[in-house]
Every structure is written in structure tokens, then in C-alpha cells.
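In: Return atomic coordinates for the entry below.
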Amino acid sequence: MISQENVNEEIEVLYNGCYGGWGLSDKAKELYTLRKVKDPIYYLRRRSDPILIQIYNELGADFDSKNSKTVTEKIPKKYENYYYITQYDGLETVEIDYTKYDRDNLKKNIKEILENNSMDNDEKINQLKKMFI
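Out: Now for the predicted structure:
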């Protein structure tokens, strides 16, 4: 019924590990623009972008702007669209919205059951009951 995700697969997320605010060096912005997009501000949107992480690994300390210290955190890939960055005075933390993840998966599972033409309605009802018992 539901495909199994590779539970061991992880992604890296970049975030600022010090006070002062996250930012990239001019060199990192230039490399990112050359490899990815013409809008250098794009890097702020997806901290798990593989190209951005590659540049981080290549440049090391030269990756950061003056007041930042980028670090990485690994999270399960299944949460790739459910993480967000919180910050206090520039010091950031990676958070995961587990409630939204669970809700989206529940909706997906219900939809798969309801759209399954190989089951009759009684089977569908039984499958739905199993989800909530």
C-alpha cells in the first residue's frame, strides 16, 4: 500500500552556529551563482541544497561571512520538506515540524486507500479503520 522510504537516508542542513547572523562570504556567493542560479539570495531559502553544501565543504572557513560560523546537522531525508530554521540573535537551530509531516502522510495514506481501484468499499473502510485503531 505505502512505499517504504529508506529510513537511514539523511540530508545535511546548514545553519549558523554562533551569534551574529548567518551569511556567506563573497567567494561562496560567487561560486553558488556560477553553479546554480543568477539570484545569489536563493541560498537563504534551501539550507539543504546539495550545491550549497558542496561549496561549504570545499571552502571550509572561507564559506562564512564575517559574523557567521556555518555548521551542519543531519536529518532524516523524509523531513526534507518539513524542517525550518529558528534563530535567537543570529544563533540558529534546525527544527522539524513533525505535526505537519504526520498530517501530510495521513492525508497521503487516506488518498491512496480511497483511490485504490483494486479494493472494494468494505476493504477500503477496513484499511481506514486500521489506521485509526
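
In: residue contacts, the residue nearest to the spatial centre of the chain?
Out: Among the residues of the chain, residue 80 comes closest to the average C-alpha position under Cα atoms, centre = their mean, at 2.7 Å. Counting by Cβ atoms under 8 Å, 6 or more residues apart in numbering, residue 80 touches 11, 48. All C-beta atoms are positioned from the backbone trio N, CA, C, and that covers glycine.

In: what separates it from residue 11, distance-wise?
Out: With the distance defined as Cβ to Cβ, to the nearest Å, residue 80 ends up 6 Å from residue 11.

In: do the same with residue 120
Out: With the distance defined as Cβ to Cβ, residue 120 ends up 40 Å from residue 11.

In: likewise residue 60?
Out: With distances defined as Cβ to Cβ, the gap from residue 60 to residue 11 amounts to 20 Å.

In: so what sits against both of residue 80 and residue 11?
Out: When Cβ under 8 Å, 6+ apart defines a contact, the residues bordering residue 80 and residue 11 alike are residue 48.

In: element containing the closest residue to residue 90 other than its chain neighbours, please.
Out: In space, residue 90 comes closest to residue 21 once its chain neighbours are excluded; the distance is 3.8 Å by Cβ to Cβ, 6 or more residues apart in numbering. Assignment of secondary structure by DSSP states H and E places residue 21 within no helix or strand.

In: likewise residue 71?
Out: For residue 71, the enclosing helix or strand under DSSP H and E is strand 70-76.

In: That strand: how far from the chain's middle?
Out: Shown here is strand 70-76, whose average C-alpha point lies 10 Å from the average C-alpha point of the whole chain (Cα atoms, centre = their mean, to the nearest Å).

In: mind listing what's buried in it?
Out: With burial defined by 16 or more other Cβ atoms under 10 Å, the residues of strand 70-76 counted as buried are 70, 72-73, 75-76.

In: now do stretch 92-110
Out: Quick answer for stretch 92-110 (16+ other Cβ under 10 Å): 92, 94, 96, 101.

In: repeat for stretch 49-65
Out: Across stretch 49-65, burial judged by 16+ other Cβ under 10 Å covers 49, 52-53, 55-56, 59, 63-65.

In: Great, nothing more from me.
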